[in-house]
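[1] curious how this folds, go ahead:
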Amino acid sequence: MSGMLRPAAVAGLFYPADKTALQHLVISMLEDAPEPPTLPRRPRALVVPHAGLVYSGPVAAAAYRLLQASQLGQEWKRIVLLGPNHRVPLVGMAVPDEADWKTPLAITHLDREFIAELRKHFSLSIRPDVHLPEHSLEVQLPFIQLLAPGLPLVPILVGPESAADVAALIEYCWQDNASLVLISSDLSHYHPWEDAQRLDEMTSKMICRADPHLESEQACGCYALNGLLLAARHHQLSINCLSRMTSGDTAGTREQVVGYGAYVCY
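    The predicted model follows:
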């Protein structure tokens, strides 16, 4: 891996490019998020959406507020962040080659040692070309940087890949209880609001019963998400929905909406 710094690709597009404005937006979303549930066990993974923060941020904040209550920086030593590629084609799983990722808020270090360890055990290509323009992982950073400054990241983009292979990677990460897994995925895309409600309700039920057979029409991050659901099934973990809305509920019209869900796996 190189020592390069990955600049923010979508600052000013998916979230404010101004540090103060971005900080204010994230803090306000966390304050407005619903009171997190008390879980019988610590979270092992979260599912969070990845659109522009004005659209999906209120839903993502429900998951991050759960972490806020659990002292994220003290309980975990890394976040393994898996999500889909939107810009550059990818088959399988890929890591970047930079040492650090930047947003207007801060610089986040990558856990290069753990990434190298994963590459010894799993088929992870090094694809900076796929990572550099991608937003699905980057939009999680403002929340992570605000809640746990200094917590290192293991960013993995997941294209078409079997649920079994993704689950094996997640379960390997779970061998260290200090590794938190985040799955970045939106739900349905560009349906009228009423149709999206019906479709996302079905998808949400599949997620909560750990059914690893989601299709890309249900969730754009289905390959990573199916891996998590299979891993949760292997470990007999529970999954709860923390929040579910559409862009028509947050900042958009209701003619064609995108669905967002936040879930905790424990």
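
[2] and the helices in the stretch 151-266 of the chain, which stretches?
    Secondary structure of the stretch 151-266 of the chain (DSSP state H, counting those that start in this stretch): helices at 163-174, 193-208, 222-234, 247-250.

[3] what helices or strands is the longest one leaning on?
    When contacts are defined as 3 or more Cβ pairs under 8 Å, 6 or more residues apart in numbering; DSSP states H and E, helix 193-208 sits against helix 222-234, strand 239-246, strand 257-265. For glycine as for every other residue, the C-beta is placed from the backbone atoms N, C-alpha and C.

[4] looking at the ones you listed, which is closest to residue 130?
    helix 222-234 (13.7 Å; Cβ to Cβ).

[5] who touches the closest one?
    44-45, 47, 82-84, 156, 158-161, 163-167, 169-171, 174, 181, 183-185, 206-207, 210-216, 219, 237-239, 265 (Cβ atoms under 8 Å, 6 or more residues apart in numbering).

[6] try stretch 191-211
    Taking Cβ under 8 Å, 6+ apart as the rule, stretch 191-211 contacts 47, 187-188, 213-214, 218-219, 225, 229-230, 232-233, 237, 239-241, 244, 246, 248, 254-259, 261, 263.

[7] quick one, which of those residues are buried?
    47, 187-188, 214, 218-219, 225, 229-230, 232-233, 237, 239, 244, 246, 248, 256-259, 261, 263 (16 or more other Cβ atoms under 10 Å).

[8] if we can go back for a sec, the helices and strands packed on helix 193-208 into a markdown table, with extra columns for distance to residue 137?
    Converted to a markdown table, the helices and strands packed on helix 193-208 look like this (distance: least, Cβ to Cβ, whole Å):
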| stretch | distance to residue 137 |
| --- | --- |
| helix 222-234 | 10 |
| strand 239-246 | 20 |
| strand 257-265 | 16 |
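
[9] among the ones you listed, which is nearest residue 28?
    strand 239-246 (15.7 Å).

[10] residue ranges in the stretch 1-150 of the chain under the pLDDT threshold?
    1-3, 71-73 (pLDDT under 70).

[11] bridged to the residue sitting nearest the centre point of the chain, which residues?
    By Cα atoms, centre = their mean, the chain has its centre lying nearest to residue 184, at 2.6 Å. Bridge pairing for residue 184 (DSSP bridges) gives the partners residue 48.

[12] contact partners for it?
    47-50, 81-84, 136-137, 139-140, 221, 224.

[13] give me the distance between it and residue 225.
    In this view, residue 184 and residue 225 are 9 Å apart by Cβ to Cβ, to the nearest Å.
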